[in-house]
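Asks: Give me the fold of what follows.
(3 chains)
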Amino acid sequence: MPFIPHTAAETQAMLATLGLGTLDDLFAEIPQALLLQEPIALPSGLEQALDEQGLLELMQARASQDRPLCSFAGAGAYEHHIPQVVSQLLGRGELYSPYTPYQAEASQGSLQIMFEFQSMMAELLAVDVVNASVYDGASALAEAILMALRCHKKGLHKVLMADGVHPVYRQVATTMTSRLGVEIITLPHDGSGRMDEAAWRRMDAAEVAAVVVAQPNFYGVLEEPDVLVDWAQANGALAIAVVNPLCAAVLRPPGQWGRHGVDIVCGEAQSLGLPLSGGGPYLGFLGCRMAHVRQLPGRLVGESRDRQGRRAFTLTLQAREQHIRRARATSNICTNQGLCVVASAMTMALLGPQGLASKAATCHERTRELTERLTRIPGVRRLFAAPFFHEVVMDLGVAAEPVWQRLADLGFLAGFPLGCHDKKLDHCLLLCATETRSRAQIEDLAMAMSQVLGR
Amino acid sequence: MAETCWFTPTHEWVRQEGHALRIGITLHAAQALGDLVYVELPEVGHQVAAGDAVAVVESVKAASDVYSPVSGEVLEVNAALVDHPELVNEDPMGQGWLLLLYPMGSLENMLDQAGYDALVQSQTQP
Amino acid sequence: MDGQQVQPQPHPAVPLLMEDSKPGRRAGTLVAGEDVRQALDDLPAHLLRCKPPAMPELSELQVVRHFTRLSQRNFSVDTNTYPLGSCTMKYNPRAAHAVASLAGLVTRHPHTPDAHNQGLLATLAELQQMLAAITGLPEVSLAPMGGAQGELAALAMMAAYHRDQGDGQRTEVLVPNSAHGTNPASAAMCGLKVREIATTPDGDVDTAALAAALSGKTAAVMLTNPSTLGTFERRITEIARMVHEAGALCYYDGANLNAILGRVRPADMGFDALHLNLHKTFATPHGGGGPGAGPVAASKRLAPYLPLPYVLETDGVFRLATAMERPQSIGVLGAFLGNVGVQLRAYAYLRLLGTAGLARISGHAVLNASYVAHGLHQAGYKLAYPQRRACHEFVVTLAAEAERHGFRAGDVAKRMLDFGIYAPTVYFPLLVSECLLIEPTETETKDELDRLIMVMSQIMEEGRTQPELLQQAPHLLPISRVDEVAAARHPVLTWRTTPEPGSPAPA
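Replies: Sure thing, here's the model as predicted:
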């Protein structure tokens, strides 16, 4: 029987030990009225158990049912080459199948990997400490906001958010914080695609608990974060950065923004070794300065000693977490993205500082080439003038969504149509070229786009 | 000293010192929590109402609120605990004190040593 | 060599990545020969990093050895009996891993237009339907990325429902004092106030206490059934009626669904919404702490509030529901579709089980737990609820042994590691002193269960004669007990602050 190792004789012997005759007898305490008399009716076509071969045939068919698209999409999820070492080692049962490492002595592997992840991320982002994961980048931002309000201690609830922060991240932050009385004020970008300095300078700084800025921002544009960070901190507010850690290999890291660096950093580490997988699982992270560490949600691994004085790792500062502090915990998060932490640690170790920088720079270079090529199509232009990193907003001059659909029919995922988040941008696509896109593929996309646009 | 010391049913001790009250947690509470790893103290000047949580004591496996027995203003906190929370375990009624409070009300429902001992006794009965 | 000697060791420590690093070393084929400076020459210098991060520089083989050797310092379901109560550490089928790793799915971008994503959406739609059938609740959203996020979602749905009924004063959530810590934490994150309800001596919710606590302010009651005590809440129908009569809603924490899978549907018990842990009942791996998934299911009246996105079908065409067509939704909880890779694994597991397999899972999960409970009882372990039938897990208490012999529940757990068995959950549920919560799961053989009973019997005997053997355990693992107090007092959270190897332990 699938997943039941007992022989019929063993099951009978075990029941006999308990003085019972059938498996059903085990459920005698459950009121009869609640016990189903018939097996649960799974939906039609799904009742019959498949064997492994049948399952794989079915799923192979499902997986290849849709034509694979040559992707120029980013918008929070990026196609990168994943080293074979990562995909192959990740399936090791010792990493794949343990629980959260509460029993430190029997979990030194997972614990040391998490510690190494924390160390590499802290270095990459130039902050004191980074946790060993929350769910994803969007929920990380929501947690960062709640954390900032706890750190601020003055009971303020107003948060200023640049609209260059991913629109879905902003929605998630609203879903998760609005019931707690948090007021998120979105500040517009200027014509260059950067946040509008005049807009936030008009705000009453004394009422602001935290400010949020993304680098690169959702439009791929590089912000000038220093002035905002300094303005926030000079007025007693906390500065929160939303970053892609791969880009931080070449961009000035958030720990070095402004005079003192940001207070809290959060983001999505999918770019560090996690496949697209249709949208998850990805890897949210949250970091801060040591002074705020007790307000940081999510798992943290610390180094300590065993009784013989040997180096040993353990989950630490657990009094922050729900299993101890219950209703007063820093967050309700329990299960997080453990195995994604492992994938990301392996990827950083394999690439090293050179490899990370080289990968990030290649993404930028490919996106430059993409931009240069697409803007040769008549009527296609870059919307924003400010420098971009590995994504760019292209104004097609016509409604973008139908063009995007047509290009999909031709085998291209031509970025992301921005009109669904901002009506004013419904002529625009957000496009991305990572190191996995070749010059030939860029040329193919440009040709197809010319054809669809009739230019 | 012992005769000027009062106790709460939530395991704090209180000692009158001039116009101020010195507050900490009892030996019984410190032992029940185990080795403390962190003490979260209020800011000086913080106003607190009777019965409010005014500090938090943390061990590896527990976090416990410390309640103010009286309304008042925090005059001083034991800064030594920031780096040495173990002082609370080693000397809870002495070097392990938590804070000094200027009371704005009177102490109510306090226990004396005998009353507190009886309470602990009744709580530790199996 | 500077005269240092190399000592033979059974479990040599694995150095930190950074300690094996040499400047200028590269993992060969992975680093493109791109000229970084030239590639970035259009960007303003002040936005660029001035110094590369100090990260490890290693060869590919070094990295492979490092992580392989570290993996060998873990216990796991694939290598050890893992009776960790409340976590349902069953075997994670390899076929499910293969499904989630199929090239056509693993490379799929989340912004793929629905029309080009039909194979994946069809699969997720079928998973939604199967979970609806199993729970008896009509609508399912797969979006939440963990059980706790599922709890938060369902509570937010309930709060929104009350608000729309003009019942916005309902701001209290009642949870039994045996509940998982996530229950009160999720309620708090939802802006709701938590009140705890007492448990009777035989492990049921104290209905008198519940009746006294229910009021016009009650938004919801959160229950796990069977509870964390491993016993089935027998008066659940009456409880649900009381809750509904008070105008409140019933929330089911699906953490323990494995005990009743295919036999009892939460909807029939009277629950209005719930979350499921795909990483427990539905056999997706725990991965050392995730990723999991916490889908939510809802009754008809709560369904409009489900978190987005989820899959809808019209005439065989699948699409993601949008905020426009579901205006009452509590919104989105993550950037994309949730932990799709986990959802695919659960789908694979359910297809391998089929209708007939569901009740077999719960039957054998309960059989195995009852069998081990019986064996341990014979061996002198005190069951916390001896008058009750164990469900998929059970609680033993070592309060008497702690008193008489000085060894604690945690000491028994650590000693089990020496026998290659992972520790049960210790000191939870909080209601029972010196407790172990034991959940063998249905995938262990009878031989392994007999060995578990034998090992624990032997440990009980050791504890009575040589308690220090337990108090000092484990003895045979790569490290002995870790000083958690020092770790929390002086947190070392990155290798930048790590003490030099061989330096004295922090005072």
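Asks: Please count neighbours and contacts with C-alpha atoms only from this point.
Replies: Will do.
Asks: In chain C, what residue comes closest to chain B?
Replies: Taking Cα to the nearest Cα, chain B has its nearest neighbour within chain C at residue C:489, 4.7 Å off.
Asks: Now that residue. Nearest residue, chain neighbours left out?
Replies: residue B:37 (4.7 Å; Cα to Cα, 6 or more residues apart in numbering or on different chains).
Asks: Against which helices or strands is the helix or strand containing that neighbour packed?
Replies: If you go by DSSP states H and E, residue B:37 is part of strand B:36-40. Counting contacts by 3 or more Cα pairs under 8 Å, 6 or more residues apart in numbering or on different chains; DSSP states H and E, strand B:36-40 is packed against strand B:53-59, helix B:80-83, helix B:86-90, helix C:484-489.
Asks: Could you list the buried residues of the one helix or strand residue C:312 maps to?
Replies: Per DSSP H and E: residue C:312 is located in strand C:311-314. Neighbour-count burial for strand C:311-314, with 16 or more other Cα atoms under 10 Å in any protein chain shown as criterion, is recorded at C:311, C:312.
Asks: So for the helix or strand following that strand, mean pLDDT?
Replies: Next helix or strand after strand C:311-314 toward the C-terminus (DSSP H and E): strand C:317-320. For strand C:317-320, mean pLDDT is 98.
Asks: what separates strand C:317-320 from the chain centre, distance-wise?
Replies: How far strand C:317-320 lies from its chain's middle: 30 Å, per Cα atoms, centre = their mean, to the nearest Å.
Asks: Is the most centrally placed residue in chain B bridged to anything, and to what?
Replies: Among the residues of chain B, the one closest to the centroid is residue B:24, at 2.6 Å (Cα atoms, centre = their mean). Per DSSP bridges, the residues bridged to residue B:24 are residue B:13.
Asks: what's near enough to touch residue A:196?
Replies: Listed by Cα atoms under 8 Å, 6 or more residues apart in numbering or on different chains, the contact set of residue A:196 reads A:187, A:188, A:189, A:190.
Asks: cool, residue A:98 as well?
Replies: Shown in contact with residue A:98 (Cα under 8 Å, 6+ apart): C:74, C:75, C:76, C:77, C:285, C:286, C:287, C:288, C:289.
Asks: same thing but 6 Å
Replies: C:76, C:77, C:286, C:287, C:288 (Cα atoms under 6 Å, 6 or more residues apart in numbering or on different chains).
Asks: Just give the closest residue to it, not the sequence neighbours.
Replies: Leaving aside its sequence neighbours, residue A:98 sits nearest to residue C:76 (Cα to Cα, 6+ apart; 4.1 Å).
Asks: Quickly find the element holding residue C:456.
Replies: Under the assignment here (DSSP H and E), residue C:456 is part of helix C:446-465.
Asks: in that helix, what counts as buried?
Replies: Neighbour-count burial for helix C:446-465 flags C:446, C:449, C:451-457, C:459-460, C:462-464 (criterion: 16+ other Cα under 10 Å).
Asks: Would you mark the buried spots in the helix or strand following it?
Replies: Going down the chain from helix C:446-465, the next helix or strand is helix C:467-471, by DSSP H and E. Neighbour counts over helix C:467-471 (16+ other Cα under 10 Å) mark C:467, C:469, C:470, C:471 as buried.
Asks: How much space separates the second one from residue C:461?
Replies: Taken as Cα to Cα, to the nearest Å, the spacing of residue C:469 relative to residue C:461 amounts to 11 Å.
Asks: now do residue B:104
Replies: Note on residue B:104: its distance to residue C:461, by Cα to Cα, is 58 Å.
Asks: Could you find the closest non-adjacent residue to the residue in the stretch 151-300 of chain A that chain B sits nearest to?
Replies: Chain B sits closest to residue A:294 of the stretch 151-300 of chain A, with a gap of 9.8 Å, by Cα to the nearest Cα. Nearest residue to residue A:294, sequence neighbours excluded (Cα to Cα, 6+ apart): residue A:320, at 6.5 Å.
Asks: biggest helix in chain B, by residue count?
Replies: helix B:113-124 (DSSP state H).
Asks: got it, and chain A?
Replies: Chain A, longest helix under DSSP H: helix A:338-374.
Asks: Tally up the residues packed near residue C:490, please.
Replies: Using other Cα atoms under 10 Å in any protein chain shown, residue C:490 is surrounded by 18 other residues.
Asks: Then residue C:315?
Replies: Neighbour count of residue C:315, defined by other Cα under 10 Å: 5.
Asks: ok, now the one 3 residues further on?
Replies: Each residue near residue C:318 was counted by other Cα under 10 Å, and the total is 21.
Asks: Below-threshold pLDDT in chain B: ranges please.
Replies: Applying pLDDT under 70 to chain B flags residues B:1-3, B:125-126.
Asks: need the residues of it near chain C, please.
Replies: By the rule Cα under 6 Å from any Cα of the partner chain, the part of chain B lying against chain C is residue B:37.
Asks: Pull the residues that contact stretch C:159-171.
Replies: By Cα under 6 Å, 6+ apart, stretch C:159-171 touches C:192, C:217, C:218, C:219.
Asks: can you do 8 Å?
Replies: C:191, C:192, C:193, C:216, C:217, C:218, C:219, C:302, C:305, C:330.
Asks: for stretch B:72-81, same thing?
Replies: Contact with stretch B:72-81 is made by B:38-39, B:41-50, B:87-88, B:96-105, as judged by Cα under 8 Å, 6+ apart.
Asks: Looking at those, which are in helices?
Replies: Among these, the members falling in helices (DSSP H) are B:87, B:88.
Asks: Show the buried residues in the contacts of stretch B:72-81.
Replies: Neighbour-count burial (16+ other Cα under 10 Å) is assigned, among these, to B:38-39, B:41-42, B:47-50, B:87-88, B:96-103.
Asks: after the helix or strand hosting residue C:162, next one along is what?
Replies: Element membership for residue C:162, per DSSP H and E: helix C:147-164. Next helix or strand after helix C:147-164 toward the C-terminus (DSSP H and E): strand C:172-176.
Asks: Which strands and helices lie in contact with that following strand?
Replies: helix C:182-189, strand C:193-197, strand C:218-223.
Asks: and that strand, how far from the chain's centre?
Replies: With Cα atoms, centre = their mean, you get 21 Å for strand C:172-176.
Asks: okay, the angle between that strand and helix C:147-164?
Replies: Counting by axes from the mean of the first three to the mean of the last three Cα atoms, to 10 degrees, strand C:172-176 lies at 140 degrees to helix C:147-164.
Asks: what's strand C:172-176 in contact with?
Replies: Residues outside strand C:172-176 that contact it (Cα under 8 Å, 6+ apart) are C:183-184, C:187, C:192-199, C:205, C:213, C:217-223.
Asks: quick check: angle from that strand to strand C:193-197?
Replies: Computed by the same axes, to 10 degrees, the angle between strand C:172-176 and strand C:193-197 is 30 degrees.
Asks: ok, then the element right after the top strand by length along chain A?
Replies: Taking DSSP state E as the criterion, chain A has its longest strand at strand A:208-215. Counting by DSSP H and E, the next helix or strand C-terminal to strand A:208-215 is helix A:225-234.
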